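**Student:** model this:
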Amino acid sequence: MRSGVIVSLSAGLVALLAACESAPRQEMAAAPATEREPEPQQQQMVWVRTDGQRGSGNPELESEYARDVNACPGAAAMSPDASDCMRERGYILVPIEEADATLEAFRREQG
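**Tutor:** Just a heads-up that it's a prediction; the model follows:
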């Protein structure tokens, strides 16, 4: 009787494998590059002085900026976590493409 059970199991296994092989395969094809969602790119940020002065090209302001960045953890990496510390020192973090307009707005406020 035991050999009959083994034969039945073997026959069942063969039938199952044959069914799997004859079933149509559904393969997941990767979407073409044009159809894929673009990966979000991290926006480049920059610290802008709230007094309207441009620091680059001004050695005194560049030194002050270096001291301020060193005093605020995360500021060198343009981390929003450093915003409060840098705000106390007269800077805000803005997207790089908005830096000139933001600086100009602060300059107009200063009169």
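
**Student:** Which pLDDT value belongs to Leu93?
**Tutor:** At Leu93, the pLDDT value in this model is 97.

**Student:** can you pull the contacts of it?
**Tutor:** Going by C-beta atoms under 8 Å, 6 or more residues apart in numbering, Leu93 touches Met45, Val46, Trp47, Val48, Met78, Pro80, Ala82, Ser83, Met86. C-beta here means a position set from N, CA and C on the backbone, and glycine is covered the same way.

**Student:** Then Gly90?
**Tutor:** Here Gly90 is in contact with Arg49, Thr50, Asp51, Asp68 (C-beta under 8 Å, 6+ apart).

**Student:** Return the subset of these lying in strands.
**Tutor:** Arg49 (DSSP state E).

**Student:** Adding neighbour count, write the contacts of Gly90 out as JSON lines.
**Tutor:** Shown next, in JSON lines, are the contacts of Gly90 (neighbours: other C-beta atoms under 10 Å):
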{"residue": "Arg49", "neighbour count": "20"}
{"residue": "Thr50", "neighbour count": "18"}
{"residue": "Asp51", "neighbour count": "13"}
{"residue": "Asp68", "neighbour count": "20"}
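
**Student:** Out of the contacts of Gly90, which comes closest to Gly111?
**Tutor:** Asp51 (11.4 Å; C-beta to C-beta).

**Student:** Now that closest one: phi and psi?
**Tutor:** phi -90, psi 0 (degrees, to the nearest 10).

**Student:** confidence score at it?
**Tutor:** Reading off the model, Asp51 has pLDDT 96.

**Student:** after the strand or helix carrying Val94, next one along is what?
**Tutor:** Following DSSP states H and E, one finds Val94 within strand 91-95. Beyond strand 91-95 on the C-terminal side, the first helix or strand identified by DSSP H and E is helix 99-110.

**Student:** I am finished for the moment; much appreciated.
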